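Enquirer: need coordinates for the below:
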Amino acid sequence: MQRIILALVTVLALWPAKSMSRELVVGTVTRPPFSMSLAGTDLGFSIDLWDALATSMGHTYRIERFEKFGDMLKAAETGQVDLSIANISITAAREEVMDFSQPIFGSGLQIMTPVDSNSSALWDTLFKKELILSVLAAFAALLGIGMLMWWLERRHQDYFAVPAKQAMFPAFWWALNLIVNGGFEERVPRTALGRLMGVAMVIVSLFFVSVFVAYVTSAMTVEAITSSVNSVNDLYGKRVGTVAGSTAANYMDNRDLDYVKYAGLDQVLTAFESDELDAIIFDAPILAYYVKTRSQGKAQMTGSVFLRENYGIAFPTGSQLTEEVNRALLSLRENGKYEEIRESWFGVEQQ
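Expert: Residues are numbered from 1 along each chain as shown. You can find the predicted model right below:
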């Protein structure tokens, strides 16, 4: 009888340890460089950090990768997974429906724009309909003035002594040189009306050239100023995109900033690469990783990081793992393992 009681006590004593040693299910989503899958291998900062935490706590686990960020969060909220980890921002709204670990990474939002956005805006300015029409009108005026000079001078100098059809280009060339260079010294008008018109054209040309140059310069300057993006305030009127339901989307909603919502990050980046967007607002480290590894020099980070936020590990409300993970995370910070993992993905932190 004593042996039976001793065996029961032993089983009951070991039961909690066995239940806690079960394989954990870890939810994640593809968000380089925090979580990704290459050749069937899960890797990334968050994955490496969790592996170190699991090793420290003595847990085994398997990764369940979700297609959508929202599905990963929902899985943690409903207990479908034991925890979710990627680039999950700790927010008040999320804290109401799930638990979070201590912060595992400090981040924020930033803007990404095309590298050649200003140069393309310059070409757009040069080929504006209004500017092209102005140039064509100026050429037509020069042709008209040249033909008028031909009519006045055709009987008085050999240069204009040709039929009207043949005189069109010489007359236009004479008027153009008068405007640009002050005329031909050897082709000074000989008639009184021709000389009067020539003098008037030289005077008018000074005003015309000045106005035309000022118009082009001001148009290019205004376009360059309005097309450049240095902060969120420069995004009004631009084609901006981000992931629906993200902290970036909530931020733009609060700023009444028009933007396009996409189901996932891949869709946002595809639209950006197709020139459908002038800018993307999203998590700074993820955009920076894209610029460094995938943009092929066609994208750049713009402005400074704003709306500072912390990433954490999400658990179902009341999970017993939360406190255990927090203790293990503190231990990794104290023994230097956390910093070693962080530096392997993001380099030495700038002070």
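
Enquirer: so Ser319, which of the three states?
Expert: Classification of Ser319 by DSSP: H, G, I helix; E, B strand; the rest coil places it in coil.

Enquirer: let the chain start at 236 from now.
Expert: In the new count, where the first residue is 236, that last one comes out as Ser554.

Enquirer: dig out what the closest residue to it other than its chain neighbours forms beta bridges with.
Expert: For Ser554, ignoring the flanking residues on the chain, the nearest one in space by Cβ to Cβ, 6 or more residues apart in numbering is Asp334 at 5.8 Å. Where C-beta positions appear, they are placed from N, C-alpha and C, glycine not excepted. Judged by DSSP bridges, the bridge partners of Asp334 are Phe550.

Enquirer: again, but for Arg266
Expert: In beta-bridge terms (that is, DSSP bridges), Arg266 pairs with Ser270.

Enquirer: I figured Phe280 hits Phe581, correct?
Expert: Yes - when contacts are counted by Cβ atoms under 8 Å, Phe280 is listed as touching Phe581 (7.2 Å).

Enquirer: what residues are shared contacts of these two?
Expert: Both Phe280 and Phe581 are contacted by Pro268, under the criterion Cβ atoms under 8 Å, 6 or more residues apart in numbering.

Enquirer: between those two, tell me which one has more neighbours.
Expert: Between Phe280 and Phe581, Phe280 has the larger neighbour count (other Cβ atoms under 10 Å), namely 25 against 14.

Enquirer: what's near enough to touch the more buried one?
Expert: Pro268, Phe269, Ser270, Phe340, Ile576, Arg577, Trp580, Phe581.

Enquirer: one more: Asn465?
Expert: Contacts of Asn465 by Cβ under 8 Å, 6+ apart are Thr537, Gly538.

Enquirer: tell me which element Ala287 is part of?
Expert: Under the criterion of DSSP states H and E, Ala287 resides in helix 280-292.

Enquirer: restricting to C-alpha, output the helix or strand just after that helix in PDB.
Expert: Next in sequence after helix 280-292, counting helices and strands by DSSP H and E, comes strand 296-301. Taking C-alpha atoms only, strand 296-301 is exported to PDB below (Å, rounded to 0.1, in the frame of the first residue of the first chain):
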ATOM      1  CA  TYR A 296       9.000  24.000 -30.300                       C
ATOM      2  CA  ARG A 297       7.800  24.100 -33.800                       C
ATOM      3  CA  ILE A 298       7.200  27.100 -36.100                       C
ATOM      4  CA  GLU A 299       3.800  27.700 -37.600                       C
ATOM      5  CA  ARG A 300       4.200  30.400 -40.300                       C
ATOM      6  CA  PHE A 301       1.100  32.400 -41.200                       C
END
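
Enquirer: by contact count, what packs against strand 296-301?
Expert: Contact here means 3 or more Cβ pairs under 8 Å, 6 or more residues apart in numbering; DSSP states H and E; on that basis strand 296-301 packs against strand 259-264, helix 280-292, helix 304-313.

Enquirer: any chance of the ones you listed in TSV, plus distance to Asp493 and mean pLDDT?
Expert: Shown next, in TSV, are the helices and strands packed on strand 296-301 (distance: least, Cβ to Cβ, whole Å; pLDDT from 0 to 100):
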stretch	distance to Asp493	mean pLDDT
strand 259-264	27	97
helix 280-292	32	97
helix 304-313	22	96
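
Enquirer: with distance to Leu522 added, can I get those in a markdown table?
Expert: Formatted as a markdown table, these follow (distance: least, Cβ to Cβ, whole Å):
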| stretch | distance to Leu522 |
| --- | --- |
| strand 259-264 | 16 |
| helix 280-292 | 15 |
| helix 304-313 | 15 |
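
Enquirer: of all the ones you listed, which lies closest to Glu558?
Expert: Of all those, helix 280-292 sits nearest to Glu558, with 11.2 Å by Cβ to Cβ.

Enquirer: doesn't Thr341 fall inside a helix?
Expert: Not quite, residue 341 is Gly, not Thr. No - read with three-state DSSP, Gly341 is strand and lies in no helix.

Enquirer: quickly find the element holding the residue nearest to it when sequence neighbours are not counted.
Expert: Leaving aside its chain neighbours, Gly341 sits nearest to Asn545 (5.7 Å; criterion: Cβ to Cβ, 6+ apart). Counting by DSSP H and E, the element that carries Asn545 is strand 534-546.
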